[in-house]
Each structure stands twice: as C-alpha cells, then as structure tokens.
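Peer 1: Provided below are the primary sequence and the corresponding predicted coordinates.
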Amino acid sequence: MQANKLEGLLQMGGGLDVEASCKPTKTKAAAPEAPEETPTEVTQDSSTYGGNPNDEFDPYDPKLMAEILKHNAKMQNPKAAPQAPKPKGAIAKVANPVDMDKLDKLFKIAHNLPKIELHAHIGGCYRPQTFVELAEAKNISIDHIDFYNVDIKAAFEIFKVGSQLITDTATLKRVTKEIIEDYNKQNTRYLELRSTPKAIGEIKTKEEYVETVLEAIQEASEEFRSIRVAFLISVNRTAEVATAKEAVDLLVKF
C-alpha cells in the first residue's frame with residue numbers, strides 16, 4: 001500500500017507544498033546581496049532534464065519560443081470544424097501531437113533560468129520518499145489519502161500528516177537540508193523558508209526549533225554555494241496573541 005502511495009506522490013511532482021500559515025510581517029534577515037557570479041545556465045547531467053548535456057543548446061531561442069507560443073494559442077482556440085463520421089474499426093489520429101523535442105528544450109529553458117522562491121514551508125515541502133519513509137517509521141497511516149486525486153481537502157490531510165512527522169531535531173535538520181538541496185537543483189538562487197516554531201516531541205523548546213533550522217541552513221549553504229537562504233518565522237493565523245508575541249520575541253533574539 002505504501003508503495004502505491006509513493007507512486008501517487010511522485011505523480012504530484014517533485015515535492016509537497018501544502019502547508020498553510022499566515023505570512024509574517026517581519027523577517028529575520030533581509031534579502032542577501034546578489035552573488036558575485038550569476039550565470040544564466042548551469043551544467044546538469046542528462047538525468048536532470050532528460051537531454052544530452054553535450055548538445056548545443058541556446059536557452060533563449062526566440063524562434064523556438066515563438067513556435068511554442070503559436071502552438072499553445074492554436075491548442076487553446078481550435079477550429080470547430082465538423083467531424084466526418086469515422087468508419088468502424090478506424091484508428092483515431094492525433095490532430096496536434098506533442099513535439100517532445102520542443103517540450104524537452106522548453107524544460108531546459110525553464111530549468112536554466114535563475115529563480116527565486118519566496119514562500120516555501122518547511123512542513124510542506126517534503127520529498128515524496130521522505131514523506132512515506134517518515135510516516136512508516138512513526139507508524140502514521142496515510143492509507144486514507146488519495147494521492148492520485150489531490151483536491152483542497154486531500155491537501156489539508158497531507159498537511160495534517162506532515163505536521164506529525166517532524167518531532168525531533170535530526171528529522172527537522174534533514175528535511176530542511178533536503179528542501180534546500182532540491183531548490184538548488186532547480187537553479188534557485190534565493191530561497192525563503194518559513195515555519196512556525198514548535199515545541200513538539202523531542203524538540204523541547206521553540207528556541208531549539210529555530211536553532212536547528214538555522215544550523216541546517218548554515219550547513220547547506222556551505223555545500224550549495226550558488227543559493228542564498230533566509231528563514232522567516234511564521235505565526236499561525238489561528239494562534240492567540242501571546243503566541244504571536246513569542247514569535248516576535250524569537251525574531252528579536254535570533
């Protein structure tokens with residue numbers, strides 16, 4: 001059953017991002033200075049984007065982009081021509097087949113563009129494999145979640161499970177570093193992580209939670225030098241005023 005859940009998670013995309021919280025009004029760190037070198041293209045092996053890294057490739061091919069836009073417009077506004085009845089047993093033909101070469105080039109263009117991410121929740125960006133592994137390790141059932149048909153209700157069910165997975169500093173550090181590594185692979189140059197500090201399980205205080213996140217960011221930044229990472233302390237919109245004040249006090253302290 002868990003294998004089927006992992007397959008469904010992988011079909012959703014590279015990671016989960018379903019956590020909902022209130023955007024803070026104050027941040028720990030201002031946006032960092034731009035890196036000294038900001039190349040517009042990074043070299044990746046063929047497994048990253050499904051192409052041959054030795055092929056010559058112009059990430060900003062205006063002719064290619066014009067063709068893609070023209071094709072998309074045609075697909076969105078097809079001519080309503082009457083269709084002749086097909087003889088029995090006839091094989092249907094695709095009127096506008098997908099050009100996989102152009103799709104591959106478009107993916108490379110999107111990958112090579114430098115990016116910024118301003119809203120990534122630590123509790124909502126699990127790797128699918130990590131999500132399933134932690135759920136199994138903590139004996140948390142995910143059988144009730146249909147990962148093949150994720151609507152808003154299912155998204156909050158995923159978040160509900162996700163909020164139970166980080167209960168110790170080792171897991172918190174692991175998940176935080178995996179998020180940074182995954183965004184780095186997508187050529188993200190600036191990333192803002194956010195989370196509501198919690199005293200949960202073996203994490204005894206909110207200060208310990210924040211310290212662990214900052215340690216993970218520091219360690220990841222030493223390994224992935226092309227990405228800059230900041231941490232924003234969130235306040236749950238349903239929290240009491242006293243809880244919000246604690247978050248502000250943490251901002252001041254760190």
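Peer 2: Arrived safely, thanks for sending.
Peer 1: Please name every helix or strand in contact with the helix or strand where Lys102 lies.
Peer 2: Applying DSSP states H and E as the criterion places Lys102 in helix 100-112. Other helices and strands packing on helix 100-112, by 3 or more Cβ pairs under 8 Å, 6 or more residues apart in numbering; DSSP states H and E, are helix 46-49, helix 62-76. To be clear about C-beta, it is placed using only N, CA and C from the backbone, and glycine gets the same treatment.
Peer 1: Now tell me which of the ones you listed the model trusts least on average.
Peer 2: Note on the helices and strands packed on helix 100-112: lowest mean pLDDT is at helix 46-49, with a mean of 37.
Peer 1: My guess is Ile145 contacts Val161. True?
Peer 2: Yes - shown here, Ile145 and Val161 form a contact pair, counting by Cβ atoms under 8 Å, at 7.2 Å.
Peer 1: Count the residues that sit near Ala220.
Peer 2: Applying other Cβ atoms under 10 Å, we find 21 other residues in the vicinity of Ala220.
Peer 1: likewise Gln186?
Peer 2: Counted with other Cβ under 10 Å, Gln186 comes out at 17.
Peer 1: Against Ala120, how distant is it?
Peer 2: 11 Å (Cβ to Cβ, to the nearest Å).
Peer 1: Now for Ile116: which residues touch it?
Peer 2: By Cβ atoms under 8 Å, 6 or more residues apart in numbering, the residues touching Ile116 are Thr188, Arg189, Tyr190, Leu191.
Peer 1: Which of the residues you listed lies at the shortest distance from Asn96?
Peer 2: Thr188 (32.8 Å; Cβ to Cβ).
Peer 1: helices and strands of the protein: which one has the lowest mean pLDDT?
Peer 2: helix 46-49 (a mean of 37; mean pLDDT, DSSP states H and E).
Peer 1: Next up, the contacts around the nearest residue to Glu223 once chain neighbours are set aside.
Peer 2: Nearest-residue entry for Glu223: Glu181, 7.9 Å, with adjacent residues in sequence omitted and distances by Cβ to Cβ, 6 or more residues apart in numbering. Contact analysis of Glu181 by Cβ under 8 Å, 6+ apart lists Ala220, Glu223, Phe224.
Peer 1: Look up the closest residue to the last one, ignoring the ones flanking it.
Peer 2: Read that as Phe224. Nearest residue to Phe224, sequence neighbours excluded (Cβ to Cβ, 6+ apart): Asn184, at 4.3 Å.
Peer 1: any idea of the pLDDT on that neighbour?
Peer 2: Taking Asn184 on its own, its pLDDT is 97.
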